[in-house]
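Q: A structural model of the following input is requested.
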Amino acid sequence: MNAPLSPARILRYLDDVKLLTHPLPAHYARTQDEAVRDAYARLLAVVLLCEPVIAESRQRLFRMLLESLDVAEQEGEILAAAQDIDRPFLRDCADMFVEAGLARSFMTDAAILLRVAGTLSYGQQTLLSELAHIFRLKAAELRTVADIAATVLGRPADEKTFESIEVQEFVVWKEFLGTELTAERLAVGLTGGVWRISGTIEMTCNWSIQDSTLLFLRDGRILTTADAKHRPDASIRNTTLDAPVFVFDQVNAFELRDCDVTGHYLEADQRTAMTFEHSTEVRIINCSLTTIDARALWLTHSSVQIQKCHFHECGNASMPGGAIAVKRLKDTRERYLTLRNGAEFKVSHSRFVDCTASLGGAIRADGLYDAIHNCKLENCSSTRLDEELQHVGVFADYAGSASFSESTFRDAGIRMGDCGHAGSFTSIAISCRFKSSDVLYHEKGQHVTVLHQCTLDDSRSVNSAMNAEDWWFEY
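A: Down below sits the predicted model:
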């Protein structure tokens, strides 16, 4: 007969389920290299082990923090290493955390980890004081740490703290930060503050956001749709969006300008940060977008202009279009006229770096026409293609006149189906540079020039037997 389960074992199993179903958000330090993350986790373990008896609540929170740092599998090694620290390790931690901007984040995590089980002992207070000293934190920074820790723990705090902090440093605690946003409040317009979105907000009226920070929890999204009488306008300017999920369906006009869009999404959720369907005028200008394990933009039959934007580490290996997926055609017939006269899609003076997707690391499009100008694509890959073809930054079923011009491709080639159309005298790529980036196409019109005044460095321009239409409508 099996021995009865102890409460401790049951709690451990419940923790495992919680980590799978309701984990903490990805930690601010998660994007650091392995050495920094290991040092961060090891020093957290030192904090955990500073008392001879460790409360169960501290152990559970420690495991959740390790999961948010993506080092949970090394828990045993981390705890063992924490018992063998020395002065050089502490000095290295201080230097690394200050240089990486992690000092305030660590102090907040440490304060919450110690305080979650009750009042701080004298030894714990002394430890936090000494850590603050080696991290060279100023009095104002310590007040910020104290206020955030108090908020997370449900204790009184100065709400003005959140008006001036860089919330991204404390994103692992975002479900406790800011004010819950409602449809009624968004309808009035936001002109500052930190706002939390934990569920679905549905909008049918005009709205605007400026000089604000929006924190999206896992189930948070903002859905903007037309009603029977009105196609709404919306705008977001000079705002930080953390792990956003927006859906715009039949909006009249939308502008995203001077914004930072960042997020470390769960890969299994297969999210898109911003989706536009049948929208008339979409403008995205001077924005930075980093959407790890999520597609940045999904555009369906919408007119879109993208200018001076930087897409970095966008995409999900299981989804087409790492930074952008665009669908403009209803079928394969009359593609040239549909693209020339239909919904506009133009990207100019923008960069795509380290983006990944199943097809089209940077861009997946059913059709391009006069589309990509003065852009740089670097190290963008398609995971579903054969190994020698994986560095494909753009995957398009059809490419028309001047689909690419004055752009640079490095380890980010182009894969096209048909190029041009019968009887046309056009060039597909004009004055572009390709470095370790092949240009592959299936068919082209009789008078179509695929490359005009382009340079190839360790790159090829060849006809490929693989037909892009094998993936037609696959998004």
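
Q: Can you show me the helices along the stretch 1-150 of the chain?
A: 7-21, 34-48, 56-68, 75-82, 87-100, 103-115, 122-134, 139-152 (DSSP state H, counting those that start in this stretch).

Q: Go through the ones you listed and name the closest to His278.
A: helix 7-21 (34.5 Å; C-beta to C-beta). C-beta: built from backbone N, CA, C; applies to glycine.

Q: Let me know the average pLDDT across that closest one.
A: Confidence over helix 7-21 (mean pLDDT, whole number) is 54.

Q: Could you verify my assumption that Gln305 touches His349?
A: No - using C-beta atoms under 8 Å, Gln305 and His349 do not qualify as a contacting pair, with a distance of 11.2 Å.

Q: any chance of the helices of the stretch 1-150 of the chain in JSON lines, plus mean neighbour count and distance to His391?
A: Formatted as JSON lines, the helices of the stretch 1-150 of the chain follow (neighbours: other C-beta atoms under 10 Å; distance: least, C-beta to C-beta, whole Å):
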{"stretch": "helix 7-21", "mean neighbour count": "12", "distance to His391": "34"}
{"stretch": "helix 34-48", "mean neighbour count": "20", "distance to His391": "24"}
{"stretch": "helix 56-68", "mean neighbour count": "19", "distance to His391": "31"}
{"stretch": "helix 75-82", "mean neighbour count": "16", "distance to His391": "35"}
{"stretch": "helix 87-100", "mean neighbour count": "15", "distance to His391": "30"}
{"stretch": "helix 103-115", "mean neighbour count": "23", "distance to His391": "35"}
{"stretch": "helix 122-134", "mean neighbour count": "14", "distance to His391": "44"}
{"stretch": "helix 139-152", "mean neighbour count": "19", "distance to His391": "42"}
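
Q: wait, which of those is closest to Asn238?
A: Comparison of the helices of the stretch 1-150 of the chain against Asn238 by C-beta to C-beta identifies helix 139-152 as nearest, at 22.0 Å.

Q: could you give the angle of the closest one to helix 122-134?
A: With axes from the mean of the first three to the mean of the last three C-alpha atoms, to 10 degrees applied, the angle from helix 139-152 to helix 122-134 works out at 130 degrees.

Q: Can you name the residues that contact the closest residue to Gln124 other than its chain neighbours?
A: Take Gln124 and drop its neighbours on the chain: the residue closest to it by C-beta to C-beta, 6 or more residues apart in numbering is Leu114, 4.9 Å away. Neighbour list for Leu114: Val47, Cys50, Arg58, Leu120, Gln124, Leu127, Leu128 [criterion: C-beta atoms under 8 Å, 6 or more residues apart in numbering].

Q: got the residues you listed as a markdown table, with distance to Gly360 and pLDDT columns?
A: As requested, the contacts of Leu114 are exported to a markdown table (distance: C-beta to C-beta, whole Å; pLDDT from 0 to 100):
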| residue | distance to Gly360 | pLDDT |
| --- | --- | --- |
| Val47 | 44 | 93 |
| Cys50 | 50 | 86 |
| Arg58 | 46 | 88 |
| Leu120 | 52 | 84 |
| Gln124 | 52 | 88 |
| Leu127 | 50 | 91 |
| Leu128 | 48 | 92 |
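
Q: distance of Ala146 from Leu137?
A: From Ala146 over to Leu137 the distance is 11 Å, taken as C-beta to C-beta, to the nearest Å.

Q: Kindly report the same for Gln270.
A: Taking C-beta to C-beta as the criterion, Gln270 is separated from Leu137 by 39 Å.

Q: what does Asp33 give?
A: When C-beta to C-beta is applied, the distance between Asp33 and Leu137 equals 23 Å.

Q: go on, Asp418?
A: The spacing between Asp418 and Leu137, counted by C-beta to C-beta, is 60 Å.

Q: Check Phe106 too.
A: Taking C-beta to C-beta, one finds Phe106 at 10 Å from Leu137.

Q: Gln270 and Leu137 - which one has more neighbours?
A: With other C-beta atoms under 10 Å as the criterion, Gln270 and Leu137 differ in neighbour count, and Leu137 comes out ahead with 18 against 13.

Q: Run through the residues that contact the closest residue to that one other than its chain neighbours.
A: For Leu137, the nearest residue in space outside its immediate sequence neighbours is Ala103; the separation is 6.0 Å by C-beta to C-beta, 6+ apart. When the contact criterion is C-beta under 8 Å, 6+ apart, the partners of Ala103 are Ala94, Phe97, Phe135, Arg136, Leu137, Glu141.

Q: I figured Cys419 hits Thr449, correct?
A: No - using C-beta under 8 Å, Cys419 is not in contact with Thr449; the gap is 9.0 Å.

Q: Of the two, which one has the most company?
A: Cys419 (26 against 17).

Q: who's the more buried one bridged to?
A: Ala399, Lys444 (DSSP bridges).

Q: Report the separation between the residue nearest to Gln124 and Ala150.
A: Distance from Leu114 to Ala150, by C-beta to C-beta: 13 Å.

Q: can you check Leu128 too?
A: When C-beta to C-beta is applied, the distance between Leu128 and Ala150 equals 14 Å.

Q: now do Ser129
A: As judged by C-beta to C-beta, Ser129 and Ala150 stand 17 Å apart.

Q: which residues does the residue sitting nearest the centre point of the chain bridge with?
A: When the chain is reduced to its mean C-alpha position, the closest residue under C-alpha atoms, centre = their mean turns out to be Thr291, at 1.5 Å. Applying DSSP bridges to Thr291 gives these bridge partners: Gly263.

Q: pretty sure it contacts Glu267?
A: No - with contact taken as C-beta under 8 Å, Thr291 and Glu267 are classed as non-touching, separated by 11.6 Å.

Q: and Phe230, what is it in contact with?
A: Phe isn't right for residue 230; it's His. Applying C-beta under 8 Å, 6+ apart to His230 gives the contacts Thr204, Cys205.

Q: Over to it: give its phi and psi.
A: Main-chain dihedrals, His230, degrees, to the nearest 10: phi -150, psi 130.

Q: State the distance from it to Asn252.
A: In this view, His230 and Asn252 are 8 Å apart by C-beta to C-beta.

Q: cool, and Ser235?
A: Look at Ser235 and Asn252: by C-beta to C-beta, they are 11 Å apart.

Q: Please say which of the two ends up with more neighbours.
A: Under the neighbour definition other C-beta under 10 Å, Ser235 and Asn252 were set side by side, and Ser235 has more, 17 against 14.

Q: per-residue pLDDT, Val462?
A: Among the per-residue scores, Val462 holds a pLDDT of 84.

Q: give the contact list for the residue lying closest to Asp92 once chain neighbours are set aside.
A: Nearest in space to Asp92, with sequence neighbours left out and distances taken as C-beta to C-beta, 6+ apart, is Ala39 at 6.8 Å. Each residue near Ala39 by C-beta under 8 Å, 6+ apart is listed here: Phe89, Asp92, Cys93, Met96, Phe97.
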